[in-house]
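> using only what follows, build the 3D model:
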Amino acid sequence: MDAPTPAEGEPLIRPSSEDHPMYNDIVDAIRTVHDPEIPVNIYDLGLVYSVRIDAENAVEVDMTLTAPGCPVAGEMPGWVADAVEPLPGIKQVDVNLIWEPPWDMSRLSDEARLELGFM
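Just a heads-up that it's a prediction; the model follows:
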């Protein structure tokens, strides 16, 4: 599912619900998803731009891929949803693929940089 284009004046990356009590569990679940071509989870790769959780525990994830032609482009959003949906209390999970801003290596976490030999 592609995310709607932000309206003028809205940020390209919507803020995450970091203060929600389920946020860390959801991020941990997302960290179980790996890009098959890179030995690092997609969260530490910086592919997940935003995780939002509403009052009813419906989750919306905005993510990107390293490149639009990624061979698993059609599958990876489903992998993310499948990782998060089993968490207790989750109502639903929607994963949006977004392309702006484009991913670049500056989004790698320190853990990913270490794993990939960049540190």
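
> all contacts plus neighbour counts: C-alpha atoms, from now on.
Will do.

> got the contact list for the lowest-mean-pLDDT helix or strand in the chain?
In the chain, no helix or strand scores lower on mean pLDDT, DSSP states H and E than helix 110-115, which sits at a mean of 91. Contacting residues not belonging to helix 110-115 are listed as Pro39, Val40, Asp44, Leu45, Met119 [C-alpha atoms under 8 Å, 6 or more residues apart in numbering].

> cool, stretch 74-87 as well?
So stretch 74-87 is contacted by 25-26, 29-30, 32-33, 35, 90-97 (C-alpha under 8 Å, 6+ apart).

> show me which pair in those is furthest apart.
Spanning the widest gap among these are Asp35 and Lys91, at 25.7 Å by C-alpha to C-alpha.

> quick one: contacts for Lys91?
Glu56, Asn57, Ala58, Val59, Glu85 are the contacts of Lys91 under C-alpha under 8 Å, 6+ apart.

> which pLDDT value belongs to it?
pLDDT, Lys91: 96.

> now name the helix or strand holding Trp79.
helix 76-84 (DSSP states H and E).

> give me the pLDDT value at Ala7.
For Ala7, pLDDT reads 57.

> in the least confident helix or strand of the chain, what counts as buried?
Of the residues in helix 110-115, Ala112, Arg113 count as buried by neighbour count, 16 or more other C-alpha atoms under 10 Å.

> just give me the closest of the contacts of Lys91 to Ala67.
Nearest to Ala67 among these, with distances taken as C-alpha to C-alpha, is Val59, at 24.3 Å.

> distance from the helix holding Trp79 to the middle of the chain?
Centroid displacement of helix 76-84 relative to its chain, using C-alpha atoms, centre = their mean, to the nearest Å, is 9 Å.
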